[in-house]
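Colleague: Need coordinates for the following:
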Amino acid sequence: MDIYYTQDMSTALDKPVFLYQCGHEKCKPSHSFGPAIRPHYLFHYILHGRGVYYVDGITYHLEGGQGFLIYPGVTTTYTADEEDPWEYCWIGFDGYDTRRILQDCGFSLTNHIFTDPTKGPLWSDFQKLIAYFGEQKTNDYTILSQLYLCFSHMCLRGKQAKLLGEAPVEKALDYIHNNFTYDIKITDIAQYLHVDRTYLYKLFIHHTNTSPQQYLINHRIAVSKKLLQETTLSITEIAFSCGFRDVSSFNKHFKKLMHKTPREFRKCEGSL
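Modeller: Reported below is the predicted structural model:
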């Protein structure tokens, strides 16, 4: 069994993600742990063999290529199979960004189980993480980058789950609201959602009664109105800050929606 421990647990809460421990073990037949609680998140990834995970009165029979997540303060028990005991690696972690990451990976308080879609790369990167963690010369950034790489493999499943469980248009709106200042295109939004442009268009028409392109323009204009009213930024600064490639394009779209130029709007509405 290989296991490595990090610094004291109080250091994690002021960091987005912090790795407490990680390791690898080939269990003996019927090897069991629990019932017990953990002070942080603990994820086990099963390489080979089988076992059983008990949580909240539910029994999960798991095998190679699957994993299970233990939440802090939740009583769990897990036991290796008597005939084909599992071999697994694990990571113990926490931090203020952990819940968001786990949601992106498809986990929730009612979903503790993970099935690996990568068929290999995730285990390979877990091995590297464990190796880095045991090297005293490796700095924290190397370890953290390797941990995020492992999460990135797990997020492949999470994105699919979100698209099935939530309206994709919500993710599209979130993408627009966070990236409108850049020169994003509708194809960028479609690629982010892993859908084609036609399907994206239908989603927007159904949920927002407008096209993705028009929604993007409307949002940019809405932000520009606020900047015109509440700041002393120049028209040029506002145009580029809102994702327009030039002032003439900004003026054209603004006047079409507001029936005034940005300058006329600022004069009527007043600014700081």
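Colleague: which residues in this structure form strands?
Modeller: In the chain, the strands defined using DSSP state E lie at 2-5, 18-26, 32-36, 41-48, 50-55, 58-63, 66-70, 76-80, 87-94, 113-115.
Colleague: Dump these into TSV; add distance to Gln146, mean neighbour count and mean pLDDT as well.
Modeller: Where you see a C-beta, it was placed from the backbone N, CA and C, and this is true even at glycine. What follows is these, written out as TSV (distance: least, C-beta to C-beta, whole Å; neighbours: other C-beta atoms under 10 Å; pLDDT from 0 to 100):
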stretch	distance to Gln146	mean neighbour count	mean pLDDT
strand 2-5	13	13	44
strand 18-26	9	20	90
strand 32-36	26	12	90
strand 41-48	14	20	94
strand 50-55	25	20	94
strand 58-63	24	13	91
strand 66-70	17	22	94
strand 76-80	25	20	95
strand 87-94	10	21	93
strand 113-115	18	16	89
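Colleague: Including distance to Thr231, could those strands go into TSV?
Modeller: Listed next are the strands of the chain as TSV, based on distance: least, C-beta to C-beta, whole Å:
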stretch	distance to Thr231
strand 2-5	50
strand 18-26	38
strand 32-36	55
strand 41-48	42
strand 50-55	52
strand 58-63	54
strand 66-70	45
strand 76-80	52
strand 87-94	39
strand 113-115	46
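Colleague: Quick one: closest of those to Ile238.
Modeller: strand 18-26 (39.8 Å; C-beta to C-beta).
Colleague: Parallel or antiparallel, list what pairs with that closest one.
Modeller: strand 2-5 (antiparallel), strand 87-94 (antiparallel) (DSSP bridges).
Colleague: tell me how far it is from the chain's mean position?
Modeller: Taking C-alpha atoms, centre = their mean, to the nearest Å, one finds the center of strand 18-26 at 21 Å from the center of the full chain.
Colleague: repeat for stretch 48-62
Modeller: From the chain centre to the centre of stretch 48-62 is a distance of 26 Å (C-alpha atoms, centre = their mean).
Colleague: distance between the ends of it?
Modeller: Start-to-end span of stretch 48-62 (C-alpha to C-alpha, to the nearest Å) is 10 Å.
Colleague: Show me the shaky parts of this protein.
Modeller: Within the chain, the segments meeting pLDDT under 70 span 1-13, 136-137, 156-167, 270-272.
Colleague: make it 80
Modeller: Applying pLDDT under 80 to the chain picks out residues 1-14, 108-110, 117-120, 135-138, 156-170, 269-272.
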